[in-house]
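> model the structure of this input:
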Amino acid sequence: MADLCEKTRVIAIGGPTATGKTALSVSLARQFDGEIISADSMQIYKGLTIGTAKASEEERQGVPHHLLDILPPETPYSVADFMDAAVPLVEQLSARGKLPIVAGGTGLYLTSLLNGITFAPEKTDPALRTALQNRAETEGPAAIYAELQAIDPVYAARVHANNLPRVIRALELYHTTGRKMSEEQAESRPAQLPYRSLCLCLTCRDRALLYRRIDSRVDSMVAAGVLREAEQVWLHREQWPTAAQAIGYKEFFPYFEEQMPLNDCVNRLKQSTRRYAKRQLTWFRRQTNAVWLYLEDGDVPQRSAALVEQFLQS
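So this is what the prediction gives:
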């Protein structure tokens with residue numbers, strides 16, 4: 001294993017939605033000759049731009065971004081797929097003298113990369129997965145979460161009861177292989193970390209400020225035409241199951257089904273996004289050894305640049 005000083009250096013930028021991760025990553029990339037690897041599970045999809053808060057060409061300011069718009073929405077994508085793509089990218093960028101900057105709100109992607117998690121080929125059972133999803137709809141999420149608690153209490157303690165994709169995946173793994181997700185995760189961690197990394201996480205001390213930023217982002221998405229994207233997702237909801245479950249689209253389905261006024265759907269999206277931000281905060285606080293930067297303190301770009309400068313010179 002390479003000595004610490006010989007390891008590839010990586011900057012990571014995380015934190016909840018609407019805190020300015022994109023702008024900060026671009027600023028640091030321009031200052032330190034970096035390129036950005038997106039750690040976002042929805043921005044990989046072509047055509048899903050407004051609802052996923054994908055950076056525009058103007059916002060990217062000429063900085064190369066990787067793992068954006070790489071797949072059609074009908075293609076499944078997992079953290080294992082992300083690792084297969086991101087690990088070679090980090091090495092390629094470093095070999096070209098570029099600073100790899102991994103930025104995004106999908107905490108599982110970001111922390112898996114920084115920790116060098118390996119993923120065995122997935123054994124899937126579509127019939128079992130459908131049965132579990134149907135149970136969640138008829139009996140409620142608490143029922144299948146209770147099953148996970150009985151089977152694998154260690155992993156259940158790490159997962160929110162309403163995080164259905166992860167709960168269902170853990171149950172599917174157990175019923176198809178007899179393996180617990182907690183065992184899989186424990187065996188997937190390397191003895192040493194693969195990179196020398198600096199993780200910067202953005203947030204607000206005042207939760208009300210974060211929520212105002214989220215509300216403002218949602219209003220901007222609506223003004224930019226997210227409804228047109230959401231309608232396409234709704235029309236293709238059977239073919240695009242991942243997008244159909246994504247925050248930013250599913251909240252508008254009752255409007256298209258003439259069951260809810262548009263304004264109520266917008267408010268529902270704001271509420272869903274706030275809840276998601278809380279889950280992101282919990283994840284990043286538990287899973288990363290991060291330097292937290294608070295927007296109220298001001299000068300986030302300058303303070304971040306000073307931290308990166310010190311990290312690169314150490």
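
> count the neighbours of the spatially closest residue to Arg237 that is not a sequence neighbour for me.
Nearest residue to Arg237, sequence neighbours excluded (Cβ to Cβ, 6 or more residues apart in numbering): Ala244, at 4.0 Å. Heads up, the C-betas are built off the backbone N, CA and C, glycines and all. Ala244: 16 surrounding residues under other Cβ atoms under 10 Å.

> show me what contacts Ala244?
Val233, Trp234, His236, Arg237, Glu238, Lys250, Phe253 (Cβ atoms under 8 Å, 6 or more residues apart in numbering).

> from those, which ones fall inside helices?
Val233, Trp234, Phe253 (DSSP state H).

> among those, who's most crowded?
Val233 (26 neighbours).

> distance of the closest residue to it other than its chain neighbours relative to Gln271?
Distance criterion Cβ to Cβ, 6+ apart; nearest residue to Val233, sequence neighbours excluded, is Tyr249 at 4.3 Å. Using Cβ to Cβ, to the nearest Å, one obtains 15 Å as the distance from Tyr249 to Gln271.

> from the contacts of Ala244, pick the one nearest Arg285.
Using Cβ to Cβ, Lys250 is the member of those that sits closest to Arg285, with 26.6 Å.

> what sits closest to the closest one if chain neighbours are left out?
The nearest residue in space to Lys250 (Cβ to Cβ, 6+ apart) is Ala244, at 6.2 Å.

> and the pLDDT for the one you found?
Here, the pLDDT recorded for Ala244 equals 93.

> likewise Ala120?
Per-residue confidence (pLDDT) for Ala120: 64.

> need the strands for the chain, in chain order.
Secondary structure of the chain, counting by DSSP state E: strands at 9-14, 34-38, 65-66, 99-103, 196-203, 291-294.

> between the fifth one and strand 99-103, how big is the angle?
Counting by axes from the mean of the first three to the mean of the last three Cα atoms, to 10 degrees, strand 196-203 lies at 40 degrees to strand 99-103.

> tell me the strands beside strand 196-203, with direction?
strand 9-14 (parallel), strand 291-294 (parallel) (DSSP bridges).

> can you pull out the low-pLDDT segments for the stretch 1-150 of the chain?
Residue ranges of the stretch 1-150 of the chain with pLDDT under 70: 1-5, 120-123.

> if we use 50, what do you get?
Across the stretch 1-150 of the chain, residues meeting the criterion (pLDDT under 50) sit at 1-4.

> returning to that earlier point: deepest-packed of the strands paired with strand 196-203, please.
Ranked by mean neighbour count, the strands paired with strand 196-203 are led by strand 9-14 with a mean of 24 (mean count of other Cβ atoms under 10 Å).

> all set, thanks.
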